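[1] Structure here, sequence nowhere to be found:
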């Protein structure tokens, strides 16, 4: 290597440094993505090599079976929960990036749920929501609010709210810290100038804060949406998708691994991907048009 | 803005913070106190503090029956190998993309970005077949390989750092006759250390917390990690909420300690990754 010219070395470095990472990327990201498209046109059961090209039959099945699309209703809870979570996170980010007694303490504490182990967190909430001995119902009892006590996981009208809350609880600290990072990049003199001009707190929020962190808000909205569409861990670990908590991804995973219908599962995954892409495009085109 | 705050605004701010703090801490509190209670005590004492904070029976029980030691050992091995590979790959890609101009640069960046949009869980169907074909199904190599590759966020963070290292450093090393590899090893790699520190913490937390990959690719009980250990334990022992509480607590502790010690770096990493 030492005797090679820098030009030759450059070639060796590019080749040597990129080959293995790109092979990994190819094997575990690109190939699976392409294979997904291929499988979605077959009736593969996922076991042998017996695979027949059946064209668009899987897609027709998805769009003609109401039960497959009906589960998106469950994802909606996570989406609305995500929107609430993002707004709460923005509120706390704003107050915690200004001067405030104990702001570092609050930042650390509110971020804490994000670093807690995900499965253990869901199991923790199983204890919290327990109908008889759960700490939530116990707390309501202590406060004299017995009439508010509920079967948090047993009641089909409540269970999805209970689960979506776990997701909000866990992730709002992350959104908050991301917002804090964005807020710190806004020059302080902008606010001072606005104050001199007599702007109210709400006006400086609307005309300075929001436009300055537009990109991050946009990113958070996309993450909220894709996160909601991909909701899986919480309802799966907690309920195995029972009691009306099946999300689209749980259904896809069941279709693949439980019902051995890889073809249909792949088509469902492609549909999900297309929905995600569609939403991102719409959001970029309409919600934030006229900028950049 | 602080000076303009009315008293009511101040009260509102602190009230909202205290409510949020309560909501965050309440579930954790109930697990902490529950973990030290006996079975009978748990079901009778509600939210009160345990009679004896030195009652470690639940911890011993869940540690032994749940085979948590095995879970911790396995995840440590997986973490060590995955992180080592991940750092090497991440810095190499960032060096190659950050220091040299070549035709494939943009397409490679584009590929890393494109795969990011694809919902990870959905491609598992095909990833599963790759893992099987490689013959690493139900071995520790499966999660190691899956965690090892660099992701786009990591590359973006590293690239930012590479770009901030002056090119003069490379040039003066060249004048002294250093090879390009030596420049990577002795100049670039050490200067990327702050970014590496942040990324290691974030990756450690996400690998330690991951449930899906070990659950799907390592079903063998001998290969259980912390996630799958507690998942398996809760099934048949659903009634013993006090013992389960102890298990949850044991699993929480490592990342909480890591976080409290290194929160400065974590916050720095999360914020610098997001603004881009």
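    Alright, I've got the coordinates. Note that this is a predicted model, so its numbers are computed, not measured.
[2] Flag the shaky bits of the stretch 101-250 of chain B, pLDDT-wise.
    B:235-239 (pLDDT under 70).
[3] what does the stretch 1-150 of chain A give?
    Using pLDDT under 70, the stretch 1-150 of chain A drops low at A:1-3, A:49.
[4] let's see 80
    A:1-4, A:6, A:45-52, A:55, A:131-133, A:137, A:146-147, A:149-150 (pLDDT under 80).
[5] Do a quick rundown of the strands in it.
    Using DSSP state E, counting those that start in this stretch, the stretch 1-150 of chain A contains no strands.
[6] So what does residue A:41 have for phi and psi?
    Dihedral angles of residue A:41 (phi, psi; degrees, to the nearest 10) stand at phi -100, psi 10.
[7] For it, give me its contacts.
    Counting by CB atoms under 8 Å, 6 or more residues apart in numbering or on different chains, residue A:41 makes contact with A:53-56, A:58, A:263, A:267. Yep, even glycine has a C-beta here, placed from its N, CA and C like the rest.
[8] rerun that using 6 Å as the cut-off
    residue A:53 (CB atoms under 6 Å, 6 or more residues apart in numbering or on different chains).
[9] now it: how far from chain B?
    Remark: distance between residue A:41 and chain B (CB to the nearest CB, to the nearest Å) = 13 Å.
[10] distance of that residue from residue A:268?
    Residue A:41 sits 13 Å away from residue A:268, going by CB to CB, to the nearest Å.
[11] got it, and residue A:12?
    44 Å.
[12] When those two are compared, which one has more neighbours?
    Taking other CB atoms under 10 Å in any protein chain shown, residue A:12 and residue A:268 do not tie; residue A:268 has more neighbours (27 against 14).
[13] Around the closest residue in space to that one that isn't next to it in sequence, how many other residues sit close by?
    Nearest residue to residue A:268 in three dimensions, chain neighbours excluded: residue A:252, at 4.6 Å (CB to CB, 6 or more residues apart in numbering or on different chains). For residue A:252, the count of nearby residues is 26 (other CB under 10 Å).
[14] Which helix or which strand is home to residue A:252?
    Per DSSP states H and E, residue A:252 falls inside helix A:248-253.
[15] How far away from the center of its chain is that helix?
    15 Å (CA atoms, centre = their mean, to the nearest Å).
[16] what's the burial count for residue A:244?
    Neighbour tally, residue A:244, other CB under 10 Å: 15.
[17] Helix, strand, or coil at it?
    Look at residue A:244: counting by DSSP: H, G, I helix; E, B strand; the rest coil, its state is coil.
[18] List phi and psi for it.
    Per degrees, to the nearest 10, the backbone of residue A:244 is at phi 70, psi 20.
[19] quick one: the spatially closest residue to residue B:218 that is not a sequence neighbour and residue B:214, what's the gap?
    Excluding its sequence neighbours, the residue lying closest to residue B:218 (CB to CB, 6+ apart) is residue B:138, at 5.8 Å. Taking CB to CB as the measure, residue B:138 falls 11 Å from residue B:214.
[20] Show me which of the two is the more surrounded one.
    residue B:214 (26 against 15).
[21] Distance check, the more buried one against residue B:254.
    For residue B:214, the distance to residue B:254 - CB to CB - is 16 Å.
[22] okay, now residue 185: neighbour count?
    No chain was given, so I picked chain A. 11.
[23] other chain: chain B
    Quick note: residue B:185 (other CB under 10 Å) scores 14 neighbours.
[24] Next: the one 4 residues further on.
    Using other CB under 10 Å, residue B:189 has 16 other residues around it.
[25] Which residue does the stretch 51-200 of chain A have closest to chain B?
    In the stretch 51-200 of chain A, the residue that lies nearest chain B is residue A:181 (2.6 Å; CB to the nearest CB).
[26] Quick check: that residue vs residue A:52, distance?
    51 Å.
[27] returning to what we had before: next up, the contacts around the residue nearest to residue A:268.
    With the criterion set at CB under 6 Å, 6+ apart, residue A:252 makes contact with A:265, A:268-269.
[28] from the residues you listed, which is closest to chain B?
    Among these, and counting by CB to the nearest CB, the member closest to chain B is residue A:269, at 3.4 Å.
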